[in-house]
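In: just the structure for this:
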Amino acid sequence: ATADSTASAGAVAAGPSNGDAPVTPSRVLHVRHLPQESTELQVAALGAPFGRVLHVMLLRQRNQAFLEMVDEPSATAAVNYYNYVSANINGVTVYIQFSIHKELRITQNSG
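Out: All right, here's what the predicted structure looks like:
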């Protein structure tokens, strides 16, 4: 392998490789394999060491979440870190990769 191919290896998505896994950096992270009882605070805590977390969106029925960081460098630092260190919530390993979404659009329900 050339030096160029190994240098870019750190930016790939975490977890098992599949054809749908985006490798283009995004400030939105996709978190997979969440325990059912996960909270927004627990998901936010995964990103907090790398920068400000703007939004968390839990998809409980899919055991997934989206985590929006303040910028791409913060998100990239998180993905690179979790490529080498397991992310855990309640003792369950979760997988973090870049999302295909570039930002989360959060709307407040009126009622």
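
In: leaving out sequence neighbours, find the closest residue to the residue nearest to the spatial centre of the chain.
Out: What sits nearest the mean C-alpha location of the chain, by Cα atoms, centre = their mean, is Leu29, with 2.9 Å. Leaving aside its sequence neighbours, Leu29 sits nearest to Leu67 (Cβ to Cβ, 6 or more residues apart in numbering; 4.4 Å). Heads up, the C-betas are built off the backbone N, CA and C, glycines and all.

In: what count of nearby residues applies to that neighbour?
Out: 27 (other Cβ atoms under 10 Å).

In: now do the phi/psi pair for it.
Out: Per-residue torsions, Leu67: phi -130, psi 110 (degrees, to the nearest 10).

In: my guess is it contacts Gln42, does it?
Out: No. Taking contacts as Cβ atoms under 8 Å, Leu67 lies outside contact range of Gln42: 10.7 Å.

In: assign a three-state SS to Ala48, would you?
Out: At Ala48 the chain is in helix, as set by DSSP: H, G, I helix; E, B strand; the rest coil.

In: what's the spacing between it and His30?
Out: Going from Ala48 to His30 by Cβ to Cβ, to the nearest Å gives 17 Å.

In: who has more neighbours, these two?
Out: His30 (23 against 15).

In: mind listing the helices for the protein?
Out: Applying DSSP state H to the chain gives helices spanning 3-7, 40-47, 72-82.

In: so what secondary structure elements neighbour the longest one?
Out: If I follow you right, that is helix 72-82. Applying 3 or more Cβ pairs under 8 Å, 6 or more residues apart in numbering; DSSP states H and E, one finds that helix 72-82 makes contact with strand 28-32, helix 40-47, strand 92-98.

In: give the buried residues for the longest one.
Out: Residues of helix 40-47 classed as buried: Gln42, Val43, Ala44, Leu46, Gly47 (neighbour count, 16 or more other Cβ atoms under 10 Å).
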